[in-house]
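> sequence below, structure please.
(one chain, ligands or ions: 2)
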Amino acid sequence: MKEITTKIRFWNGLKTIGGTIVSVEYENSRVIFDFGLSYNPAEEFSAIVKTRYHAMVEDYINLNKIPPIDGLYSRKDLRNLSNVISAEEDERNTAVLISHLHLDHIGAMGLVSPKIPVYLTEDSLRLYEAVEEIGEGVFGDRSYSPIRYESVLNVGEIKIIAVQLDHDILGACGFFIETPDVKIVYSGDLRLHGKHPELTMDFVSKANKFKPDLLLMEGTMINGERDSKDTKPSNELVGINTELQVKEMLINKFEKAKGLILVNASERNLERIHDIVEAAEAAGREIVLEPAMAYLTSRIIDSGNFMIYKSEELEAELLKGKVAGWMSELLDVYDVVSYKDINLNPKKYVMQNSFGNLMELLDLNLKKSVYIHSNAIPLGAYDPDFQKLQEFLRKLKIDYEYIGTPGHAFHSNLKYIIDEIQPDILVPLHSFYPEKLYPESKLQFLPHYGVEYIVKDKKIIKLKVK
Ligand SMILES: [Zn+2]
Ligand SMILES: [Zn+2]
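Ligands and ions are numbered 1, 2, ... in the order given. Here you go, the predicted structure:
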């Protein structure tokens, strides 16, 4: 008789930042986590090339943006892909788990067949519903199910526990996954230098008690030049800006600046926005948020004292009566300011400006103004828009300054976390240099795509090549 064992397969996101997709299967039960798209703006077509929404599943599979996993997509969405088994034709009990709401973890979750449940933490779901309301949800017509921190979700014979941790978005968690023969911890994205280091520390100690065979761990901050053996495991934050320090740096900057302050802050990091609002208040400036950011802030973290920027475009839409319900409600409650108001006394304001609304700057009095970039798109030189932003600011003679901190743990902290959890085997992923992340015990495993693995006698073994 064939022995029943847990099969693990890595579908995406081993050597990229995000797009991690892993399946864990035991007999007729299967979980898949996460379901995002890896983020590489330099490889994307410009918006001129249209996305074929009606054929998105098929196109994305053909383009290798999502994996051809059997039993996950609807037959009608697979269209001409007859070699992929549809969700309707698959008997397995499958669920998709989402660790947090960054696009590299959720970008394709809307493409999963509505027959398959997709689970988000309750906090993530609350945030996602607000994001969807402002028209920024992911493509796809389906619903999402809540999973409560620390409570057990059963998918057939697989048990899953979502454990909260600290990342630069609300609702982030890692998963403890237990099948009858294997225990896995998946870290999602995490850090020690955020607003709630105690959450990550708690996650780590629970993970240690769980005694995982495998730890699947993100390695975003692993640097290609530095060898792992030169980095000692440590939970110290020397040379690392904490979120707390970022807030102090912002207050300092807001107090010293002589003109208008523009802040491009991370679209989904509402706790950072909260700090920016408070920093402006501490520095005696008025804070002006774009409507979308204001809506999320008011609905999710209730960060009181801000005004809303009313662009001329918004003004025109209001006149035409074409404004969405959420926006008119917001405009009823909060004070609004136009560029003309700001120009009367620019140094009185901190104005949030997302990259999409960059052209609004052209209306503003920018004398002695400063542009503070705080972990928002375009995130770095790997994005062609980053250079374009710099040139734009130079042209307008606006000073550029980065004030922020990443959402991901630094190398020494990652090594500390691994040593504390003490898994039998470490699988680094979500990294350009996964091979450089290994524990002192050196028990690191670098998987390949297209292979099924099983865990036996504290070793991970290749099952078959498809
Ligand atoms: Zn990520
Ligand atoms: Zn993330």
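
> since we're on Asp424, how many residues are nearby?
Residues lying near Asp424 (other C-beta atoms under 10 Å) number 18. In this view, the C-beta of every residue, glycine as well, is placed from N, C-alpha and C.

> need the contact list for it.
When contacts are counted by C-beta atoms under 8 Å, 6 or more residues apart in numbering, Asp424 touches Pro212, Asp213, Leu214, Leu443, Lys458.

> and the gap between the spatially most central residue of the chain and Arg148?
Nearest to the geometric centre of the chain sits His102, at 2.2 Å (C-alpha atoms, centre = their mean). To Arg148, His102 is 21 Å away according to C-beta to C-beta, to the nearest Å.

> in the stretch 351-466 of the chain, which spans are strands?
370-374, 399-402, 425-429, 451-456, 459-465 (DSSP state E, counting those that start in this stretch).

> let's have the contacts of Asp424 in JSON lines, adding pLDDT.
Converted to JSON lines, the contacts of Asp424 look like this (pLDDT from 0 to 100):
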{"residue": "Pro212", "pLDDT": "97"}
{"residue": "Asp213", "pLDDT": "96"}
{"residue": "Leu214", "pLDDT": "97"}
{"residue": "Leu443", "pLDDT": "89"}
{"residue": "Lys458", "pLDDT": "85"}
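
> tell me the one of the residues you listed nearest Lys50?
Checking the contacts of Asp424 against Lys50 with C-beta to C-beta, the nearest one is Leu214 at 41.0 Å.

> burial count for that closest one?
Leu214: 23 surrounding residues under other C-beta under 10 Å.

> nearest spatial neighbour of it, skipping sequence neighbours?
Ile184 (4.7 Å; C-beta to C-beta, 6 or more residues apart in numbering).

> which SS class is that neighbour?
strand (DSSP: H, G, I helix; E, B strand; the rest coil).

> show me what it is bridged to.
Beta-bridge pairing for Ile184 (DSSP bridges): Ile177, Leu214.

> quick one: closest of the strands of the stretch 351-466 of the chain to Ile61.
Using C-beta to C-beta, the nearest of the strands of the stretch 351-466 of the chain to Ile61 is strand 451-456, at 18.9 Å.

> partner strands of the closest one, with direction?
According to DSSP bridges, strand 451-456 has these partners: strand 6-12 (antiparallel), strand 459-465 (antiparallel).

> quick one, that strand and strand 425-429 angle?
Angle between the axes of strand 451-456 and strand 425-429 is 150 degrees (criterion: axes from the mean of the first three to the mean of the last three C-alpha atoms, to 10 degrees).

> with only the CA atoms kept, save strand 451-456 in PDB.
Written as PDB, here are the backbone C-alpha positions of strand 451-456 (Å, rounded to 0.1, in the frame of the first residue of the first chain):
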ATOM      1  CA  VAL A 451       9.100  19.400  -7.900                       C
ATOM      2  CA  GLU A 452       7.100  17.800  -5.100                       C
ATOM      3  CA  TYR A 453       8.800  17.400  -1.800                       C
ATOM      4  CA  ILE A 454       8.100  15.300   1.300                       C
ATOM      5  CA  VAL A 455       9.600  15.500   4.700                       C
ATOM      6  CA  LYS A 456      11.200  12.400   6.200                       C
END
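
> other residues contacting it?
5-10, 181-182, 213-214, 425, 447, 460-466.

> again, 10 Å this time
3, 5-10, 23, 25, 179, 181-184, 213-214, 424-425, 427, 445, 447, 459-466 (C-beta atoms under 10 Å, 6 or more residues apart in numbering).

> out of the strands of the stretch 351-466 of the chain, which is closest to Leu97?
strand 425-429 (15.2 Å).

> ok, and for the closest one, which residues are buried?
By neighbour count on 16 or more other C-beta atoms under 10 Å, the buried set for strand 425-429 is Ile425, Leu426, Val427, Pro428, Leu429.

> dump these into CSV; add distance to Lys195 as well.
Output for those, formatted as CSV (distance: C-beta to C-beta, whole Å):
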residue, distance to Lys195
Ile425, 31
Leu426, 27
Val427, 28
Pro428, 25
Leu429, 25
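
> least reliable of the strands paired with strand 451-456 by average pLDDT, please.
Note on those: strand 459-465 shows the lowest mean pLDDT, a mean of 81.

> can you tell me what sits against it?
Taking C-beta under 10 Å, 6+ apart as the rule, strand 459-465 contacts 5, 7-9, 182, 213-214, 424-425, 427, 443, 445, 447-448, 450-455.

> next one: that strand to chain centre, how far?
30 Å (C-alpha atoms, centre = their mean, to the nearest Å).

> buried set for it?
For strand 459-465, by 16+ other C-beta under 10 Å, it's Ile460.

> convert it to CSV, retaining C-alpha atoms only.
Extracted C-alpha coordinates of strand 459-465, given in CSV (Å, rounded to 0.1, in the frame of the first residue of the first chain):
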residue,chain,number,x,y,z
LYS,A,459,15.1,15.8,5.8
ILE,A,460,13.3,17.2,2.8
ILE,A,461,13.2,14.8,-0.1
LYS,A,462,12.3,15.2,-3.8
LEU,A,463,9.3,13.1,-4.7
LYS,A,464,9.0,13.4,-8.4
VAL,A,465,9.7,15.8,-11.3
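
> apart from its neighbours in sequence, what residue is nearest the residue of the stretch 301-450 of the chain found nearest ligand 1?
Among all residues of the stretch 301-450 of the chain, His430 sits closest to ligand 1, at 5.6 Å; criterion: C-beta to the ion. Spatial nearest neighbour of His430, chain neighbours left out: Glu218 (3.9 Å); criterion: C-beta to C-beta, 6+ apart.

> and the closest residue to ligand 2 within the stretch 351-466 of the chain, what does it touch?
Closest approach between the stretch 351-466 of the chain and ligand 2, counting by C-beta to the ion: Gly407, at 5.6 Å. For Gly407, the contact set (C-beta under 10 Å, 6+ apart) comprises 100, 102, 166-169, 172, 189-191, 193-194, 220-221, 243, 266, 268-269, 272, 375.

> re the thing from before, any chance of the strands paired with strand 451-456 in JSON lines, plus distance to ligand 1?
Below are the strands paired with strand 451-456 laid out as JSON lines (distance: least, C-beta to the ion, whole Å):
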{"stretch": "strand 6-12", "distance to ligand 1": "12"}
{"stretch": "strand 459-465", "distance to ligand 1": "23"}
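
> turn those strands into TSV, columns for distance to Lys232.
Below are the strands paired with strand 451-456 laid out as TSV (distance: least, C-beta to C-beta, whole Å):
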stretch	distance to Lys232
strand 6-12	29
strand 459-465	26
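
> ok so, going back, of the contacts of Asp424, select the buried ones using a PyMOL command.
To isolate the buried members of the contacts of Asp424 in PyMOL, using 16+ other C-beta under 10 Å:
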select buried, resi 212+213+214+443
